[in-house]
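Engineer: Quick one, fold the following:
(chains A and B)
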Amino acid sequence: MKASTIRDLVAAAVLVGLVVACAGSEGSTPASYEARGESTGDPATNPLAGAFFNDGSDGDIRARTDNYFVTDLGAVIDLNGFGQGTATFDFGAFRHEGKDGADESVDELVVVERADGTKANYGPDRIAALRAKVDGKEFGQPLPLQHTDVRGKVALNVSSVTVTQTYTNPFAEKIEAVYVFPLPQDAAVSDFVMVIGERRIRGVVREREEAQRIYQQAKAQGYRASLMSQERPNVFTQSVANIEPQSRIDVETTYFQSLPWRDGAFEMVVPTVVGPRFNPPGSEGGIGAVAAGKEGTSGQSVEVAYRTPEAAADGPAIDIAVELAAGLPLGTIDCPSHTVTIRRTDERHATVALQKGVEVPNRDFVLRFAPKERGAGGAVSVYRDADSGEGWFSMSIQPPLEQLDQKPQAREMVFVVDCSGSMSGEPLAACKRAMRRCLGRLGEGDTFAVLRFSDDASALDPRPLPATPENVRRGLAYVDALDTGGGTMMERGILAALQPPIEAGRRRIVTFMTDGFIGNERDILRAVHEHVGDARIFSFGVGTSVNRYLLERMADLGRGVAAFVDIGDSGERQVDELFTRLERPALADLRIDWGGASVHCVEPQRLPDLFVGRPLLVHGRVHGALPRSVTVHGTVGATPQQFTLPVAAADEHPAIQKLWARARIRSLADAMAYVATPDELRDEIRELALAHGLTSEFTSFLAVDSSEVTAGEHGTTVVQPAPTPRGVRYETTVSGGGR
Amino acid sequence: MKTPGLLSYALAALAAVLLALLLAARPGQDPTPPKAPTFATLDVLVDAGDHQLAAWQLDVTLATALLVGIEGGTDAAFRDAPRYDPAALQGGRVVLAALADAQQQLPNGRVLVARLHVMAPDGAVDHTVRGVVAASADGQRFTADVEVRLHENK
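Structural biologist: Predicted coordinates:
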C-alpha cells in the first residue's frame, strides 16, 4: 500500500464525514484480529470507499459488538456468522469500469480472512461485507440481487407473468448467488431463461437430483449456470453460479396462473417475500429463518436469510407492471396492497404499475379487477393439440346460489387465533379487529369457541358457549387480552379445534386466523385431513406476506374457502363475506354432468362445496367438442339441487395444457401428505412435470452456458437476504426472541 | 539362527508384494477417480439458400450427452432462444422450433439459428439430426440443409 494513497484516503474520508453507523455494547467476537489494507475511490459516489485499517492494532476500531466492528472512520464490518477465533482483515480489488471499458479507478473491499488462511469469511463460506454511513445515509452491504422486475399480462382470467431477477457481483472474486423467493402457489412455472449480456440461454427441466448434479459440475468447472428448485409450491431457491466480479446475469422466470374470482373480482397476487417460518423442535425438513450472515444455523434443509428492517429499507427494489385485457369491458380496478398508477388504454385494456424503483419487496402485491358485466354460466378457456385432437380446458362454474332460500344448519363456530411470535404487533391487532367483527355477527342459535395457540393451545372455555350477549362479551374480553409469544405449534390448535365431539345436528365451522408462517406444512395438512371429519374450514390469512399455500390447502381440505386480511385492513369486508357465505347455503356433494362430452382427468378430483361469490374452477381434458351446457348436481342440506349452465364459447389459450398439468400435480402433491405409499404419486408428479416442462417438488429448471469457462475458482456462495415482511417483527421471528 | 530369520523377512516381504499386487488387480477397485463430465456447445446452422428463413423446426437425438441449455443464434431474427418440446426430451430427443422476430429482417443463406449447451458424461457429443422443417414468411415450407457441429469454446 502506498502511504500517500492512505493519507489521501484519510483526508477524503474525513472530508465527507463518515460517521459511525453502529456502536453497540462491547463484545468478544472474534477473540483477536489483525487488520490491514486500505480503500480508495471517491466516497461520495462509492459507499465502500474510505474505510481502512492500518496495521492490525485495536486502535482503528471505534466500537465492537458481537456482530460488528466499527472503524474510526465509520465503516461497519459485519461479522455475522464469522464466529469465534482469530481473524485477519485484508482487502481485495474492487474495480470500477469506465465508460470506455477501461479501469477508471481501483477501489478495494474489505475481506475477512480466517486465521487458517482460508479465504472464506463472513461465515464459513461467505464473503465479508462492509457497511458505511455517509452523511447520515446508511449504505447496505453489497448484495448480488440488484433488482426484481415483474411483468404480467392478463388475458381473460389467465395471467402470464415474467419475473426478472438481476444479479451482479459487487465483490472482488467470483461468487455464487443463492436466493430463496416466493411465487404463487398454483403458478405453472414453465419457462426459465438465463441472460448474459445479449445472450439468452433457455433452461430445461430435469429431475431435481440430476439438475442439481449437473449444476454442481458446471459450477465446479467454472461455467455460468442457473438452477431453480421448488422447496414448497410457493417457495423456490434460485442459484446462479460463477458470476464474475462486476458482471451481471439476469434470470427470467415465466409462469402461468388461473386467476380466481373472489367476491366480485378476479384477484391476482404477486408474492414478493417468503415470511419467516417456525419449525417445530426436532424437524429438519422445514424452512429456517435466520439473520443475514448466520446461514447454516437453523438446522433446516432450506433457509431464508433476513436483513434487519433498517438495512432492508436500502435493499433492492421491485417493479411490477400488469397489462389487463379481460376480454370484456373493464369495470373496477383496485390494488389494495400498494399505491399504483392505473392507465386505461381503452374500454377493455388497462395497465397497472408500481412507481418505479421505490418499492421494497416486503409484501404481497394484490390486484383486483372485474369486467363491467359478468356472463352467467361457465366461462371456458381451451387449448387443442392439432395433431391428436386432444383438448385441455379450464372452466369457471358459478350456479346462482343467491336464488336458494333454505335455512342453514345450526352452527358451532370455532375461532382459532395464532398467537405465536410472528403475529406480534400489527398482525395480532388485525386478528383482533376481525375477531370482534366475527363475534358481533354470531346468531342466536350459534354456539362458539375461541381458541388460541402458540407453543400450546388454550380456550375461552372448555366447551362451546351459546352465543348469548353475556358470552359474546366474555369472548370479546378474551380476544382483547390475547397476546403473542412462542412458536407456531399449529397442530395443537388444529387438534383443539377439530377433536372435541360436536353436538348432534350442528355443523362445525372452524376459522383459523394465522399468517401461516410454518415450515412443516405437510404435517399440518395431514393433521387437518385426519381430523376434519364433517367440519368446514374457513382460513383467514392475516398479514402482508401470508403463506397462502397453507391457508388455501387447509380450506380445500375443510371444504371451505380462504380469505386474506392485510394488516392495515379492518377485516370487516372479509368477515361479512364469510358470514354471507355461511348464511347462504353451500351446494355440497357436487357432481358435474358434462352432457355426453368425452371429458376426463378433471381436477380437482374431489369437488369442493360451492359458495356464493366463489366460483368453482375446474381443469380437465376432453376428446372432441366441449358441451354447450353443463349440469351441476349437489345438495343443500338434505335437498338435492341442480343447475344447468350454458358454456360460453371457448377462448383459445396455449397455457391451458400446462395449467391442467399444474392442477394435477397439486392434487398429487397434496395427497402425498396423507397417503401411506407416496412413491407412485412421486413418480406421477415427476413424469407429468417433465412431460409438460414444469417445476415441481421433483423437477428443477437448469441452464448452463457451456461456451465459456470463467477464470479462477468457482468463488464463494453469497446468500441474498430478504427483507422481513412488512408488519412482522424481526426480533420475534428471525433473531430468536419469542420463537 | 540368523539365516532362517532373513528368510522369514524375505518371505514376508514377498507375501506383502504379492498381496499388494492382488489387491490392485481386484475388479472394481480402480483407484483412478471417475472422469468429470465435460460440457460442450453445439452450433445449429440452417442453410435456407435463397429463401428467407421465417421459421424452423429441428429434431436432434443426442447419443449420451444431456441438454443443459438452449441459446438463440447470432442472426438478429433468431436471437431469442428456441422453444423445446419437454415431452420429447424425456425420450432423448431435442425437438426445437423458432419463429423469426417479426421486427427483424429475415435472413437467407447459412444462418446460425441456435446453440445447444450439453453435458457429456463420457466426453462424447455424438448426435443425429432428422426432421428439419424450414418455412418462409408466407408459411411455405422449403428444403433446407442443416448442420449441427461442435462449437469451439473459449
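
Engineer: The strand or helix carrying residue A:581 - contacts with which helices or strands?
Structural biologist: Using DSSP states H and E, residue A:581 sits in helix A:572-583. If you count contacts as 3 or more C-beta pairs under 8 Å, 6 or more residues apart in numbering or on different chains; DSSP states H and E, helix A:572-583 packs onto helix A:426-440, strand A:563-565. Bear in mind the C-beta positions are built from the backbone N, C-alpha and C, glycine included.

Engineer: Give me whichever of these is most buried.
Structural biologist: Among the helices and strands packed on helix A:572-583, strand A:563-565 has the highest mean neighbour count (mean count of other C-beta atoms under 10 Å in any protein chain shown), at a mean of 23.

Engineer: List the contacts of it.
Structural biologist: With C-beta atoms under 8 Å, 6 or more residues apart in numbering or on different chains as the test, strand A:563-565 has contacts from A:366, A:430-431, A:434, A:538-542, A:546, A:548, A:551, A:571, A:574, A:577-578.

Engineer: So which bits of chain B are right by chain A?
Structural biologist: Within chain B, the positions near chain A by C-beta under 8 Å from any C-beta of the partner chain are B:36-37, B:39-41, B:66-72, B:79-84, B:86-87, B:89-90, B:115, B:117-119, B:151, B:153-154.

Engineer: May I see the PyMOL selection of the buried members of those?
Structural biologist: The following PyMOL line selects those of these that are buried, judged by 16 or more other C-beta atoms under 10 Å in any protein chain shown:
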select buried, chain B and resi 37+39+40+41+66+67+68+69+70+71+72+79+80+81+82+83+84+86+89+115+117+118+119+151
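
Engineer: Tell me which of the residues of chain B next to chain A fall in strands.
Structural biologist: Among the residues of chain B next to chain A, the residues falling in strands (DSSP state E) are B:39-41, B:66-72, B:83-84, B:115, B:117-119.

Engineer: Any stretches of the stretch 151-300 of chain A with poor pLDDT?
Structural biologist: Within the stretch 151-300 of chain A, the ranges that satisfy pLDDT under 70 run A:172.

Engineer: Where do the strands of it begin and end?
Structural biologist: For the stretch 151-300 of chain A, the strands defined by DSSP state E, counting those that start in this stretch occupy A:158-168, A:175-182, A:188-196, A:199-202, A:204-207, A:223-232, A:235-243, A:248-258, A:266-270, A:287-291.

Engineer: what would those look like in CSV with mean neighbour count and distance to chain B?
Structural biologist: Below are the strands of the stretch 151-300 of chain A laid out as CSV (neighbours: other C-beta atoms under 10 Å in any protein chain shown; distance: least, C-beta to the nearest C-beta, whole Å):
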stretch, mean neighbour count, distance to chain B
strand A:158-168, 21, 13
strand A:175-182, 23, 17
strand A:188-196, 24, 6
strand A:199-202, 21, 4
strand A:204-207, 23, 5
strand A:223-232, 26, 6
strand A:235-243, 24, 12
strand A:248-258, 22, 10
strand A:266-270, 22, 24
strand A:287-291, 24, 28
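
Engineer: still on that earlier bit, keeping just the C-alphas, turn the helix holding residue A:581 into PDB.
Structural biologist: Taking C-alpha atoms only, helix A:572-583 is exported to PDB below (Å, rounded to 0.1, in the frame of the first residue of the first chain):
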ATOM      1  CA  GLU A 572     -64.900  -6.100   8.000                       C
ATOM      2  CA  ARG A 573     -65.400  -6.900   4.300                       C
ATOM      3  CA  GLN A 574     -63.800 -10.400   4.700                       C
ATOM      4  CA  VAL A 575     -65.700 -11.200   7.800                       C
ATOM      5  CA  ASP A 576     -69.000 -10.000   6.300                       C
ATOM      6  CA  GLU A 577     -68.300 -12.200   3.200                       C
ATOM      7  CA  LEU A 578     -67.600 -15.100   5.500                       C
ATOM      8  CA  PHE A 579     -71.000 -14.700   7.200                       C
ATOM      9  CA  THR A 580     -72.700 -14.200   3.900                       C
ATOM     10  CA  ARG A 581     -71.300 -17.500   2.800                       C
ATOM     11  CA  LEU A 582     -72.400 -19.200   5.900                       C
ATOM     12  CA  GLU A 583     -75.900 -17.700   5.800                       C
END
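
Engineer: for the record, mean pLDDT for that helix?
Structural biologist: Helix A:572-583 carries an average pLDDT of 86.

Engineer: I'd like the next helix or strand past that helix.
Structural biologist: Counting by DSSP H and E, what follows helix A:572-583 is strand A:588-593.

Engineer: List of residues touching that next one?
Structural biologist: With C-beta under 8 Å, 6+ apart, strand A:588-593 has contacts from A:397, A:559, A:602, A:607-610, A:616, A:618, A:630-636.

Engineer: Could you identify the buried members of the residues you listed?
Structural biologist: A:397, A:559, A:602, A:607-610, A:616, A:618, A:630, A:632, A:634-636.

Engineer: Narrow the residues you listed to those in strands?
Structural biologist: Mapping these onto strands (DSSP E) picks out A:397, A:602, A:616, A:618, A:630, A:632, A:634, A:635, A:636.

Engineer: Could you export the helices and strands packed on helix A:572-583 as a markdown table, including mean pLDDT?
Structural biologist: Compiled in a markdown table, the helices and strands packed on helix A:572-583 are given as follows (pLDDT from 0 to 100):
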| stretch | mean pLDDT |
| --- | --- |
| helix A:426-440 | 94 |
| strand A:563-565 | 93 |
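
Engineer: Could I get these in JSON lines, plus columns for distance to residue A:644?
Structural biologist: Converted to JSON lines, those look like this (distance: least, C-beta to C-beta, whole Å):
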{"stretch": "helix A:426-440", "distance to residue A:644": "36"}
{"stretch": "strand A:563-565", "distance to residue A:644": "30"}
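
Engineer: re the thing from before, quick one: which of the contacts of strand A:563-565 is nearest chain B?
Structural biologist: The nearest member of the contacts of strand A:563-565 to chain B, counting by C-beta to the nearest C-beta, is residue A:548 at 27.1 Å.

Engineer: What count of nearby residues applies to the residue nearest to the closest one when sequence neighbours are not counted?
Structural biologist: Take residue A:548 and drop its neighbours on the chain: the residue closest to it by C-beta to C-beta, 6 or more residues apart in numbering or on different chains is residue A:185, 5.7 Å away. Neighbour count of residue A:185, defined by other C-beta atoms under 10 Å in any protein chain shown: 20.

Engineer: Also residue A:682?
Structural biologist: The number of residues packed near residue A:682 is 16, by other C-beta under 10 Å.

Engineer: Is it in a helix, a strand, or coil?
Structural biologist: Secondary structure, DSSP: H, G, I helix; E, B strand; the rest coil: residue A:682 is helix.
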